[in-house]
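# Got a predicted structure plus its sequence, pasted below:
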Amino acid sequence: MIQELEKGGDGQNFAEDIITKTVANFLCTVCYGKSYDFKSEEFNELIEMSRHYADNMSKSVLRDMVPLAEILPSVNKGRGEFARTSYYLHLWFLKRVDEVIQHFQPNKLNDLASMMVSDLTGDSAENISNITEKDRNSLAAIINDLVQGYHSLYSMVVWVVTYMMKYPEEVEKIENELNEVLDDFLPTLHDQESLPHTMSFINEVLRCRPSLPLAVPHSATEDTKLGGYDINKDTMVVASLYSANRDPKVWANPEQFDPSRFLTKDDLDVTVLDGTKVEQLFTFSLGERKYPGEDIGRSFLFLTTAYLAHTCKLKPDPTKPPTFQTKPGSIIRPKEFGVQLDIKKCWLSVFKPDDDDE
């Protein structure tokens, strides 16, 4: 991603296409073990369908939440397009699942689809024929849901970059921490616990700017009472993630960007990430129906933030600086902005060895 961005030169727009494809490619690799060239016809077919899916999702959700909206021609058309695109996306991912099944090897479980196939076959390639059509469709639906999360993850990445340029003093803390802990090595997921300032910055961005202001609509399974209100069975319930993340009863000075709210001291007076505060974040929703790809998304955000801070200097393009103004849509993301990106030094994908390897 950094190499692709650098090709654009100084003052480029923070290229939506590059970030979108990087995030989607990451999720495809994790979910079914396939990484694409950005010019791949197959990959760009997925990107195009996914964009069409996202463009019409808000109209479909609007109809669910406000039934009267169906009298609007644009809502009805968008709802139909959403259903049609969802169908074609399912078929597309069904092909990917069939490819995983066809090439399944019990000793090579490098992606989620292979792991799920392993569970269905009892870790034996001889039992592939036991996988039913229902199993195939279920796997395709799960992979589809996870990969389509790239729209939200893309939004989170762009918000991270926005806040990095808006708060250079916080980035300086991250850079100092990375230099102290990693020196000239590149960060890995194993380094997260050693980088509390980096992690607190990411969590504060997630608190201030959830990509989805509202959780996916649900319905009550029985009559219940919540906060003094009676909620009848089958009533639609929609949680406001944005409001929960700015509740003054939980967050002191909620309108203020303050990563230190996620930091605390351990028994040895060492600064660490406050796990209790992290659990109070509702950015990925909550409960049993929270977004299943949260761990994947957090991993990608950490690596992106740490790599950018450790390998690059990001400065706002004065002709098109970042703002907190947002684009209209069901997913909250900032308006386009420009970035001046300079690589600090030559990096050769060198990672810090584990203690066992030293």
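Sure thing, it's come through.

# Relative to residue 142, how far out is the residue nearest to the spatial centre of the chain?
Geometric centre of the chain, nearest residue: residue 153, 2.6 Å, by Cα atoms, centre = their mean. Here the criterion is Cβ to Cβ, to the nearest Å. By it, residue 153 lies 17 Å from residue 142. (C-beta placed from N, C-alpha, C; glycine too.)

# again with residue 24
Distance from residue 24 to residue 142, by Cβ to Cβ: 17 Å.

# Comparing these two, which shows the higher neighbour count?
Neighbours per residue, other Cβ atoms under 10 Å: of residue 24 and residue 142, the larger number sits with residue 24, 23 against 17.

# which one is residue 131 nearest to, not counting chain neighbours?
residue 120 (5.4 Å; Cβ to Cβ, 6 or more residues apart in numbering).

# The one you found - that's part of a helix, no?
Yes: counting by DSSP: H, G, I helix; E, B strand; the rest coil, one finds residue 120 located in a helix.

# Before we move on, what's the pLDDT of it?
Confidence at residue 120, expressed as pLDDT, is 92.

# Please name the residues that touch it.
Residue 120 makes contacts with 127, 130, 131, 135, as judged by Cβ atoms under 8 Å, 6 or more residues apart in numbering.

# quick check, nearest of these to residue 244?
residue 135 (36.3 Å; Cβ to Cβ).

# A helix includes residue 161, no?
Yes: using three-state DSSP, the assignment for residue 161 is a helix.

# Contact partners for it?
14, 308, 314, 322, 339.

# which of the residues you listed sit farthest apart?
Using Cβ to Cβ, the pair of the contacts of residue 161 lying farthest apart is 308 and 322, separated by 13.9 Å.

# And the strands in the stretch 101-250 of the chain, which stretches?
Remark: strands assigned in the stretch 101-250 of the chain by DSSP state E, counting those that start in this stretch are 218-219, 224-226, 229-231, 236-237.

# For the first one, name the packing helices and strands.
For strand 218-219, the helices and strands in contact under the criterion 3 or more Cβ pairs under 8 Å, 6 or more residues apart in numbering; DSSP states H and E are strand 236-237.
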